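**Student:** this one's structure only:
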């Protein structure tokens, strides 16, 4: 995964961070880096038709989405629905690290793809 290795170089060589072992989810390789209480995930597509590959084809490399941890994902999704926010995932699914996740559509959030997780 040359693109992922190149992206990791800055975090590993300049910032001195130790990447977590790669995982696979949604047709992409994912490597997490811990920044205190926060994490950054670097993604590289493994399949040409995966959501990440399609995103990169349309927009090029850069930030794909922002993830917010919530205390109760089901309740957060109910609040999104009640407030009229468009969801990509109507029900939670399993993401990286085995965590329950769901995405809010960027058309509902000023163009920013948001992931919610517990």
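**Tutor:** Thanks, I have it. Source: prediction; values computed, not measured. Numbering: from 1, shown residues only.

**Student:** quick one: residue 51 and residue 25 touch, right?
**Tutor:** No - if you go by Cβ atoms under 8 Å, residue 51 and residue 25 don't touch, sitting 10.2 Å apart. Bear in mind the C-beta positions are built from the backbone N, C-alpha and C, glycine included.

**Student:** what about these two, which has more around it?
**Tutor:** Remark: of residue 51 and residue 25, residue 25 carries more neighbours, 20 against 17, as counted by other Cβ atoms under 10 Å.

**Student:** what sits against the more buried one?
**Tutor:** Contacts for residue 25 (Cβ atoms under 8 Å, 6 or more residues apart in numbering) come out as 94, 95, 96.

**Student:** measure residue 9 to residue 3 for me?
**Tutor:** Distance, residue 9 to residue 3, using Cβ to Cβ, to the nearest Å: 11 Å.

**Student:** can you check residue 110 too?
**Tutor:** 28 Å.

**Student:** What are the boundaries of the strands in this structure?
**Tutor:** 23-25, 28-35, 38-45, 66-69, 93-94, 100-104, 114-117 (DSSP state E).

**Student:** Compare those strands and report which one is nearest to residue 57.
**Tutor:** strand 38-45 (9.1 Å; Cβ to Cβ).

**Student:** Could you please name the strands that closest one pairs with and the direction of each pair?
**Tutor:** Its sheet considered, strand 38-45 pairs with strand 28-35 (antiparallel) by DSSP bridges.
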